[in-house]
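K.L.:
Need a 3D model of the sequence below.
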Amino acid sequence: MTTAAPAVKRWTDTELEQKIRVLEQTIKQWAVERDLWFDCGFRNYLAHNGGEPGSPPVVTLLYLGGELYGVLSGEDAEGHESAFSNLIDSLGYEYENNDGSTVYFYPTDPELRSAFEDYFHWQWVCSLITEDTADVYHELYEQFSKQPERLQHLDWREFEILLFRLFQNQGFEALLGPGKGDEGIDLRLVQRSPLGDVLTFVQAKRYRGDRPIKLPEVQALYGAAQLDQADKALFVTTSNYAPAPRRWAARTDGFMQLAAAKEVLQWCATAKAGVIADRASLVARDRVIQLIYAAARGERGLIVHSSGGWNITDNWFALVLKETKHAALLMGLRAAVFTHDGHGQVGSHVPDLDPTTIDLFQSENVWRAKRSINDGRIHYWDGYHLYSAWNSHPCYFNFMD
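P.N.:
Numbers count the residues shown, from 1 in each chain. Below is the predicted model:
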């Protein structure tokens, strides 16, 4: 007789958020009782960093000031840090002084760590929901398949964009409305056919599960579609429908179709099966070889650079594999020493481009970055480094601490 494996503990988003609040409140209370809480506070890691969350996940970030800064930065004459460490350990966390002014907190329990990884990854994925970051949607669909209730956490515009991507995945030509002033038509779908194109008007409503769609809302979409001579109308909601609109739609000979949360989740499951998860697979290997050759010939804008470090100056280079208005895929490049002081401690770097560079085209060396334009200059932020176009000049480094 075999013994069943113990069930894996599951936490809801609400329970995880409560755990974060308890951790933060306990830390603050401990510091206040010892007159250490001055110019301190907590910040969400995503809001602070903006990058893809790592493993283990940062549950919360404490920014330091006043006396607590000294305690957690090695200036602890009264011996508070030992008590603080014991407190954090008793709560099931560990901490790390990140840069002297911010402290990261990590869960120690493996199951809780996994739950927080999923929770923060979900938040990060949602932060990337824009019309042109299509490669992230595999992960969004996966989140819904694991926790369907998260469909309710999207705001109304995110829900419209999700549907836009889902219909594109189904082969429709989709036109996303402006979000405001769209006269009740959130999406227009065109299905091409030799016998004539089929135009469908779509209305999306992001409602709570206990708020069903009523008949007047469905009738309004029907009227707009008829007025503009659409071939079909589709109402989609995260909620459900009262009996009256279902009976009424059934009398329209298929013109009016209704889809609820169950159908949206099924669309997500279907889309997930057809989307590649490996980011390196989003760009063909032959295309990467072409980009490497073009960069080696000096084509501008393909290589990006970032510099920095803690008490040192180091350099990082990457190749832009693919980019849209809001996002990019980057591939890390090796930094080659161009000049140095004879000891390799001070000098300059250039990106290393040679026949082996294509070997860097591996999943673990390809990552996403948020793309932005400031003062006419394009920047790429991956949560760790801020990249911009390399100017083709050697880049200074100094490893002398």
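
K.L.:
Okay, domains of the chain per the record?
P.N.:
The record's domain split for the chain, according to automatic domain parsing, is 13-116, 133-273, 280-398.

K.L.:
Using CSV, please lay out those domains together with distance to Trp124.
P.N.:
(C-beta placed from N, C-alpha, C; glycine too.) Below are the domains of the chain laid out as CSV (distance: least, CB to CB, whole Å):
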stretch, distance to Trp124
domain 13-116, 6
domain 133-273, 9
domain 280-398, 9
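
K.L.:
in the stretch 251-400 of the chain, which spans are strands?
P.N.:
All strands of the stretch 251-400 of the chain, identified by DSSP state E, counting those that start in this stretch, fall at 256-259, 303-308, 314-323, 327-333, 335-340, 346-351, 366-374, 377-381, 386-389, 395-398.

K.L.:
Of those strands, which shows the lowest average pLDDT?
P.N.:
Ranked by mean pLDDT, these bottom out at strand 366-374, with a mean of 85.

K.L.:
would CSV of the domains of the chain with mean neighbour count and distance to Gln123 be doable?
P.N.:
Below are these laid out as CSV (neighbours: other CB atoms under 10 Å; distance: least, CB to CB, whole Å):
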stretch, mean neighbour count, distance to Gln123
domain 13-116, 16, 6
domain 133-273, 17, 9
domain 280-398, 16, 13
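
K.L.:
weakest of those in terms of mean pLDDT?
P.N.:
Among these, domain 133-273 carries the lowest mean pLDDT (a mean of 83).

K.L.:
Can you tell me which of the domains of the chain is nearest to Trp122?
P.N.:
Comparing the domains of the chain against Trp122 with CB to CB, the closest turns out to be domain 133-273 (5.1 Å).

K.L.:
picking up where we left off before, tabulate the strands of the stretch 251-400 of the chain in CSV, adding columns for distance to Val58.
P.N.:
CSV is the format used below for the strands of the stretch 251-400 of the chain (distance: least, CB to CB, whole Å):
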stretch, distance to Val58
strand 256-259, 38
strand 303-308, 19
strand 314-323, 21
strand 327-333, 22
strand 335-340, 27
strand 346-351, 29
strand 366-374, 18
strand 377-381, 17
strand 386-389, 19
strand 395-398, 28
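
K.L.:
Among those strands, single out whichever gets nearest to Val283.
P.N.:
Short answer: strand 314-323, nearest of the strands of the stretch 251-400 of the chain by CB to CB, at 4.7 Å.

K.L.:
which secondary structure elements does that closest one contact?
P.N.:
Where contact means 3 or more CB pairs under 8 Å, 6 or more residues apart in numbering; DSSP states H and E, strand 314-323 is packed against helix 285-296, strand 303-308, strand 327-333, strand 335-340, strand 346-351, strand 395-398.

K.L.:
Reformat those as a markdown table; add distance to Gly184.
P.N.:
As requested, the helices and strands packed on strand 314-323 are exported to a markdown table (distance: least, CB to CB, whole Å):
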| stretch | distance to Gly184 |
| --- | --- |
| helix 285-296 | 42 |
| strand 303-308 | 43 |
| strand 327-333 | 30 |
| strand 335-340 | 54 |
| strand 346-351 | 52 |
| strand 395-398 | 54 |
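
K.L.:
out of the ones you listed, which comes closest to Trp37?
P.N.:
Shortest distance between Trp37 and the helices and strands packed on strand 314-323, using CB to CB, is found for strand 303-308: 30.6 Å.

K.L.:
I'd guessed Ile312 sits against Asn398; true?
P.N.:
Yes: using CB atoms under 8 Å, Ile312 is in contact with Asn398, at 6.2 Å.

K.L.:
ok so, going back, closest one to Ala83 among the strands of the stretch 251-400 of the chain?
P.N.:
Taking the strands of the stretch 251-400 of the chain one by one with CB to CB, strand 303-308 is closest: 34.3 Å.

K.L.:
what angle do that closest one and strand 366-374 make?
P.N.:
Inter-element angle recorded for strand 303-308 and strand 366-374: 80 degrees (by axes from the mean of the first three to the mean of the last three CA atoms, to 10 degrees).

K.L.:
Strand 303-308 packs against which elements?
P.N.:
Packed against strand 303-308 by the contact rule (3+ CB pairs under 8 Å, 6+ apart) you find strand 314-323, strand 386-389, strand 395-398.

K.L.:
The nearest residue to Ser55 once chain neighbours are set aside: which element?
P.N.:
Once flanking residues are discounted, Ser55 sits nearest to Glu117: 5.9 Å by CB to CB, 6 or more residues apart in numbering. According to DSSP states H and E, Glu117 maps onto helix 110-127.

K.L.:
distance between that helix and the chain's centre?
P.N.:
11 Å (CA atoms, centre = their mean, to the nearest Å).

K.L.:
Stretch 369-386 now?
P.N.:
How far stretch 369-386 lies from its chain's middle: 15 Å, per CA atoms, centre = their mean.

K.L.:
Show me what it is in contact with.
P.N.:
Contact with stretch 369-386 is made by 49-52, 128, 301, 304, 306, 308, 316, 318, 320, 323-330, 367-368, 387-389, as judged by CB atoms under 8 Å, 6 or more residues apart in numbering.
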